[in-house]
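# just to be clear, the model below is a prediction. Sequence and coordinates:
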Amino acid sequence: MKNSASLLILLLTVIGNRQDVTAFVSSTTSRGGGGFTSTSLHAEDAPTKSFYSPSTSFEIVPPTEIDASNTPPNLQTILTSLKELKSGSDLRGTFASHANSGGTIANVSHLIKRIKAEGNGVALTPFASHCFGVAFARWLLQHEGDNSISNSQLNKHGNNALTICIGRDPRLHGERLADAFARGAESVDGVTKPVRVLYTGVTTTPSMSGKCDAAIIITASHLPEDKNGIKFFSSKGGLDKKDIDDLIVLAQEEATQWYNTGIMPPSSGNAGVLCSERVNFLPYYKETLKQAIGREVDPNPNPAKPLSNLNIVVNPGNGSGSFFSDLLRELGANVAGSLHLTPDGTFPDTFGVPNPEKKEMVDETIRACMACNADIGVMFDTDADRSGFVLPRSIDSSGVCSSYEPLNKNRLIALLSVIFSTSTPGATVVTDSTTSEGLNTFLEKKLGLKHFRYLRGYANVINKAKELQGSEMAIETSGHCALRENGWIDDGTYTAVKMIALLANSKGKGSLLDLISELEELPFDEEIRVKATDGSLETTTDVFESVTKSLKEKCSVVEEWTLDEDNLEGVRVRLSSGGFFMVRQSLHDPVISFQVEGVSEEYARSVAMSPLLELFSEHASVLDLSAFEK
C-alpha cells in the first residue's frame, strides 16, 4: 500500500506538471489507523518526460480539516474537542459513549463530529475522561511542593501515594466517565509517588473536601440529563481557568500518544469503576454539618435534637443532596413533607434536572410547604453545591404559615448577610457582577457591611474573597456560596445549615423575610440571552466588543444612563429612576447576556431594552434576537 501511495503521488505530479505538489492520501499504514498523511514532491523529484497536453489543467484541493502543522484530521478533531470542553474552571459537554474495548481512535473522532453535527455541541467521551485523568495526575505531580499543592497535605492515605478522590452526581453515565478517569490517573507512573484513586460513587461536591490530596466530581450541575462534566480540586481548592488550560495541554499530549498507537485505552463499560479503593466520605461530612447546626443554634435547650421545633421540606430533586433530610430528622426536625429523596439520574418528571432557580422546582416546593405548614423549604441542585429556599411571608399567632415566596438571588444574599452583620460587623461580602443596586444599598447602608462586586463564576468570586482581608462570604445570585468559616468550600448544604439555624434561633419572632424588609426590590427584573446563530465564540466576542463600545459612547449622551465605572465585567449602566442594566458575555456559551432591572416593564423597555435592541440589530445577520420579542 505504501508503494501504491507513492506511485499515486508521482502520477499526480506528472499530470499536474507542478513545481511543488502536496497530495493527501489515505494510508492504512498510518499509526492513526485510517487517518490522513501528507507528502510533498518538489521539481527535482519529478520525471523529466511529460505525458500531458499543455492545455490540460488539474487542481489538487487540500482538505479543510487540517491545521498548519499538518495534524491528521481525526487527531485534530479530538484535540480541538478536548479544548472545547473547557467551561470556565470546569469541563462540560454532551456525554457520548463509544466501545469500552477495541475500536480505533478514528471511531472517537467520527463520534465527536456526529455529536456536533446534530447540534449537541462538544462531546464528552470516556476517552476524553481517560486523557484528563492522566492529565490531572501529571499536573498534581508536577506541582507537588510548590504554591499550588502543600507538601504537608500530601500522602494522607499512607504508602507515599498521591490520592485522588472521584465522586459523581446521579447521572446514569457518570460511572462510565469515572472509570475512564480512574484508569487514566492510575496509569501515570509517579516514580517515587504512585497514584491511587478512591471512588465514592454518588456524593456531593463538598463532601470530598480535605479527604484526599485532590478530588474531582463528575457532574453537569443543573444542565440537561445528556450533559456531564468534571470539576477539579487540589488541596488549595478548586482549579482556576489557567489550571484548566494546563490540563488541556496535558490531555492533548495523552490523546496524541493513543492516536499514534491507533487503539483505544481499555475501560470497564457499565461494569463498574476500576480503582484502588471504594470509599464513602458522606457520613463524615454529614457529621460535620450536624456539629455546625449544634454550634449555630443558640439557645439550644435540647442539644441532641436542636431542630425539634421545626417543620422542614427538603427537595433535592433526586440529586446528591438527598441525604440532607435524614440529617435534619436525626436532629429532631419534622421532614415528613419532603420529596424526591432518592438519588436517581432520570430526575423528577415535574421539573427535570434539579435547579433551585427553576420556577417549576420552586413552585413544587411551595406546594409541598403549603400542604404541611412547613417553616421552610430547602432545594439543592444536582451535586448540592447550590441551594435555594422558600419561606412564608405571613405567620399568624397560632403558627399557621401562608403566602410562601422564593428566597434566592439578591434575597438570599441579603438574608445571609444579616447573619454576618451581627457575628462579624463590617465584614466584606463578595458577589458576582449581576447583583442589584438595592442589594448594594442594603448591605452597605443598612447592615454596615462592605460589598465587593466581582466577575461572574463561582471560582472567580471565591478566589477574590480569599484575597480580600475581612471577607466572610463569597456568593453568586445563582446560589453558589462559600464561607470563610467552612474553608471557602462551595457548599449548598452548609448554606442550608446557616439558614436553618437562623430560623431555629428566630422561631416565634415572625417571618425571616421580615429581616430583609428594607431590601429594595424593583418590580421588573429580566435577563435576555442573545445567541450567535453560528454557535461561534469568535462571532459572539466580535459582536460583544462592538455593542459594548457603542454602549459606552451612548452613556455620555443619554440622560437616563450613568456608566458604572467600578464594574469589572461587561458594561453596567445605572438608570436615573433606579435599577440598572448590564451587558456581559457568557463564560461558557456563545451567548451575550442582557440583564435589566427597573421601576416598571414599560420604563425598562423604553429606556433600556429598545436602545439595546437597536445596537444588537446592527448585527442581526449573525444573532438570534427572538428573545427580545418574548
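Great, that's in hand.

# to which secondary structure element is Asp490 assigned?
Counting by DSSP states H and E, no helix or strand carries Asp490.

# what's the answer for Lys113, then?
Element membership for Lys113, per DSSP H and E: helix 105-117.

# what lines up beside the helix or strand following that helix in the sheet?
Next helix or strand after helix 105-117 toward the C-terminus (DSSP H and E): strand 123-124. When pairing is defined by DSSP bridges, strand 123-124 lines up against strand 90-95 (parallel).

# the partner strand: how far from the chain's middle?
Computed by CA atoms, centre = their mean, to the nearest Å, the chain-centroid distance of strand 90-95 equals 9 Å.

# give me the low-pLDDT residue ranges for the chain?
The chain contains residues with pLDDT under 70 at 1-69, 101-102, 145-159.

# from Met473, how far off is Leu513?
Distance, Leu513 to Met473, using CB to CB, to the nearest Å: 20 Å. (Glycine included, C-beta is placed from N, CA and C.)

# which one of the two has more residues nearby?
Neighbours were counted for Leu513 and for Met473 using other CB atoms under 10 Å; Met473 has more, 27 against 18.

# I'd say Phe452 and Thr428 touch.
Yes: if you go by CB atoms under 8 Å, Phe452 and Thr428 touch, sitting 5.8 Å apart.

# overlap in contacts, these two.
468, 471 (CB atoms under 8 Å, 6 or more residues apart in numbering).

# which residues touch Gln469?
Thr428.

# just the CA trace of stretch 303-323, in PDB.
Taking Å, rounded to 0.1, in the frame of the first residue of the first chain, the C-alpha atoms of stretch 303-323 are listed here in PDB:
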ATOM      1  CA  PRO A 303     -28.600  19.600  72.300                       C
ATOM      2  CA  ALA A 304     -29.400  16.200  70.900                       C
ATOM      3  CA  LYS A 305     -32.400  17.500  69.000                       C
ATOM      4  CA  PRO A 306     -31.800  21.200  68.300                       C
ATOM      5  CA  LEU A 307     -34.400  21.300  65.400                       C
ATOM      6  CA  SER A 308     -37.200  19.600  67.200                       C
ATOM      7  CA  ASN A 309     -39.500  22.600  66.800                       C
ATOM      8  CA  LEU A 310     -39.100  22.900  63.100                       C
ATOM      9  CA  ASN A 311     -41.100  21.500  60.100                       C
ATOM     10  CA  ILE A 312     -38.900  21.400  57.000                       C
ATOM     11  CA  VAL A 313     -39.500  20.300  53.500                       C
ATOM     12  CA  VAL A 314     -36.400  19.100  51.600                       C
ATOM     13  CA  ASN A 315     -36.400  18.900  47.900                       C
ATOM     14  CA  PRO A 316     -33.100  17.700  46.400                       C
ATOM     15  CA  GLY A 317     -34.700  16.700  43.100                       C
ATOM     16  CA  ASN A 318     -33.400  13.100  43.300                       C
ATOM     17  CA  GLY A 319     -29.900  14.600  43.300                       C
ATOM     18  CA  SER A 320     -26.900  14.000  45.500                       C
ATOM     19  CA  GLY A 321     -28.300  16.200  48.400                       C
ATOM     20  CA  SER A 322     -30.900  13.600  49.200                       C
ATOM     21  CA  PHE A 323     -29.100  12.700  52.400                       C
END
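
# do you know how far the residue most central in space within the chain is from Gly399?
In the chain, the residue lying closest to the centroid (CA atoms, centre = their mean) is Asp90, at 5.3 Å. Remark: distance between Asp90 and Gly399 (CB to CB) = 43 Å.

# cool, and Glu565?
On the measure of CB to CB, Glu565 and Gly399 end up 49 Å apart.

# those two: which is more packed in?
Comparing Glu565 with Gly399 by other CB under 10 Å, the one with more neighbours is Gly399, at 12 against 6.

# grab the nearest non-local neighbour of the more buried one.
Distances taken as CB to CB, 6 or more residues apart in numbering place Asn373 nearest to Gly399, at 7.6 Å, with adjacent residues excluded.
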